[in-house]
Structures are given as structure tokens and as C-alpha cells.
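Peer 1: need coordinates for the below:
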Amino acid sequence: MPEFKDTDGVRWRVHRRWMPLLDYLDMLNWGTNWFGVVMFVVALPFLLVWPFWALGKVFGVPWKVVVTRDGEDVATEKIAGWRASGRRIAEIADGIKVSGAVPAPGSPPQDLRPYA
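Peer 2: Okay, the predicted model is just below:
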């Protein structure tokens, strides 16, 4: 998961989003009060569905690749296959480092910055 700063000091992160709905549940801070019980009840269906989700990913359900700029999502792409999504993550990271922008799929990175 590439995480880096560009020449302007902007933080970028390019990663696969594993289970988008679980991003909203912070399992470490549930506690033992009533809120923790409610969150467990909400999370239980996700725990039951997880094996089927994993099998789907193994058999070709696309991965969601997310590009984050200073903590804000700026681009998402769906890419089938673990290796293909890894190649696309590397391609996006290289494109951002060279041009400061997310490259289109399959395009070589081009330096769009003016020479000083």
C-alpha cells in the first residue's frame, strides 16, 4: 500500500478497500455498555457473510482501489484480480509521483509540471 508525499508536500495513499461497510465500525472502541452490544448485533451479519465475501474475491469479484489525497478520497476504480489491482496501485503511485495527478488506466505517466 503506497503512502507517500509528493513534491508539494501533499500526502497520498493508494490502497485496496477491503470491506467498505466495516470502515464505519470501529471494533476496538465498542466497550461493554449497551452501545457495544448494539454494535455487536450490527456487526454479526458481516461476520457471518465474511467467508462468502472471501470466496467471491478469490473467484473474481473486483477489488476497489482507492486514491486518497490528504485524507480525502479523490478516485476509485474497480479492478478484477489481486495481481491486476496491485499493478494498478503501483501504476497510480508512479503516475502521481511523476505528474501529480492520477493517470488514466493503461496510460504511461507523463510529467505535466512546467520546468522551472
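Peer 1: and the gap between residue 103 and residue 88?
Peer 2: Applying CB to CB, to the nearest Å, the value for residue 103 to residue 88 is 10 Å. (Glycine included, C-beta is placed from N, CA and C.)
Peer 1: could you pull up phi and psi at residue 38?
Peer 2: With angles defined as degrees, to the nearest 10, residue 38 sits at phi -60, psi -40.
Peer 1: oh sorry, the question was meant for residue 16
Peer 2: Per degrees, to the nearest 10, the backbone of residue 16 is at phi -90, psi 140.
Peer 1: which parts of the helix or strand hosting residue 37 are buried?
Peer 2: Under the criterion of DSSP states H and E, residue 37 resides in helix 34-58. Within helix 34-58, the residues that count as buried by 16 or more other CB atoms under 10 Å are 39, 57.
Peer 1: relative orientation of the next helix or strand after it and helix 34-58 in degrees?
Peer 2: Downstream of helix 34-58, the next assigned helix or strand under DSSP H and E is strand 63-69. Here strand 63-69 points in a direction 120 degrees away from that of helix 34-58 (axes from the mean of the first three to the mean of the last three CA atoms, to 10 degrees).
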